[in-house]
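Undergrad: pasting a predicted model and its sequence here:
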Amino acid sequence: SQQGEEDPQALSIQEGENATMNCSYKTSINNLQWYRQNSGRGLVHLILIRSNEREKHSGRLRVTLDTSKKSSSLLITASRAADTASYFCARTDSWGKLQFGAGTQVVVTP
Amino acid sequence: EAGVVQSPRYKIIEKKQPVAFWCNPISGHNTLYWYRQNLGQGPELLIRYENEEAVDDSQLPKDRFSAERLKGVDSTLKIQPAELGDSAVYLCASSSRLAGSYNEQFFGPGTRLTVL
């Protein structure tokens, strides 16, 4: 079963725009991770935010975590065509199990 | 540094046939995972190893699936017999675990299985 729910399911934007996607979960977490998957390629880890952190940055990526609302967001700034991919949030529970959501499909058009 | 290696990349078999997937994790990673990813979905964990020990196999359909990780390095996932519903991408991942923390996982390219 998918334990993380991403919203929206799909997102279409133009190059240069920002893309924001959200993730909600139901139970407590050790950390929350975001991954990217290009068509036909493997999953690539983007960023990990621990349960005691509220915000993290990596290049053009910004992740926030609100444990009181059991939600996280991923912001991609100044998007590029190469950012076209599916983005998954995955939560790690207290026993180290990583559970993925169904993903957000992002299409960035030139 | 070499990434997670999986083979084969693609496999087409007829139902009721056996199939096996192989994974070589990143050197030094003590934790190894097998996931199954259906089209349009996120990966779902099948089994997690810490060294040689399977610490979570609750999602593994044990009537037809089996896995092993001899010597705590390479791993093999087997399906026997395969069913039509087993068509999916099978992903292997590895990570290093420090005491009390869980880190990012590194994924292999996956094996795309088609059962006819």
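TA: On my side now, so go ahead. Small disclaimer: the values here were computed from a predicted structure and weren't measured.
Undergrad: and the next helix or strand past the helix or strand of chain B with the lowest mean pLDDT?
TA: The helix or strand of chain B with the poorest confidence is strand B:53-56; it has a mean of 92 (mean pLDDT, DSSP states H and E). Following strand B:53-56 in sequence order, the next helix or strand is strand B:65-68 (DSSP states H and E).
Undergrad: isn't B:K71 right next to B:E52, touching?
TA: Yes: in terms of Cβ atoms under 8 Å, B:K71 counts as a neighbour of B:E52; the distance is 7.0 Å. C-beta here means a position set from N, CA and C on the backbone, and glycine is covered the same way.
Undergrad: more neighbours, the two?
TA: For the pair B:K71 and B:E52, the greater number of neighbours falls to B:E52 (14 against 7), based on other Cβ atoms under 10 Å in any protein chain shown.
Undergrad: which phi and psi does that one have?
TA: Main-chain dihedrals, B:E52, degrees, to the nearest 10: phi -90, psi -10.
Undergrad: residues contacting it?
TA: Listed by Cβ atoms under 8 Å, 6 or more residues apart in numbering or on different chains, the contact set of B:E52 reads B:R69, B:L70, B:K71, B:G72.
Undergrad: separation between whatever residue of chain A ends up closest to chain B and B:S94?
TA: When Cβ to the nearest Cβ is the measure, chain A has its nearest residue to chain B at A:F100, with 3.1 Å between them. Using Cβ to Cβ, to the nearest Å, we find A:F100 at a distance of 16 Å from B:S94.
Undergrad: go on, A:V107?
TA: Where B:S94 is concerned, A:V107 sits at a distance of 31 Å (Cβ to Cβ).
Undergrad: ok, those two, which is more surrounded?
TA: In this view A:V107 and B:S94 are compared by other Cβ under 10 Å, and B:S94 has more residues nearby, 24 against 15.
Undergrad: quick check: pLDDT value at the closest residue in space to that one that isn't next to it in sequence.
TA: Using Cβ to Cβ, 6 or more residues apart in numbering or on different chains and skipping residues adjacent in sequence, the residue nearest B:S94 is B:P25, 3.3 Å away. Per-residue pLDDT puts B:P25 at 96.
Undergrad: return the residues in contact with B:P25.
TA: Contact analysis of B:P25 by Cβ under 8 Å, 6+ apart lists B:V4, B:L32, B:V73, B:D74, B:S75, B:C92, B:A93, B:S94.
Undergrad: now chain B against chain A: closest residue?
TA: Proximity to chain A, evaluated over chain B using Cβ to the nearest Cβ, is greatest for B:G42 at 3.1 Å.
Undergrad: which of the contacts of B:E52 ranks first by neighbour count?
TA: When neighbours are counted as other Cβ under 10 Å, the busiest of those turns out to be B:R69, with 21 neighbours.
Undergrad: need the residues of chain A near chain B, please.
TA: Taking Cβ under 8 Å from any Cβ of the partner chain as the measure of proximity, chain A contacts chain B at A:1-2, A:4, A:30-31, A:33, A:35, A:41-45, A:48, A:88, A:90, A:92, A:95-103.
Undergrad: spatially central residue for chain B, please.
TA: Among the residues of chain B, B:W34 comes closest to the average C-alpha position under Cα atoms, centre = their mean, at 2.6 Å.
Undergrad: any idea how many residues pack against the nearest residue to that residue once chain neighbours are set aside?
TA: Leaving out its chain neighbours, the residue that sits closest to B:W34 by Cβ to Cβ, 6+ apart is B:L46, at 4.4 Å. By the measure other Cβ under 10 Å, the count of residues near B:L46 is 21.
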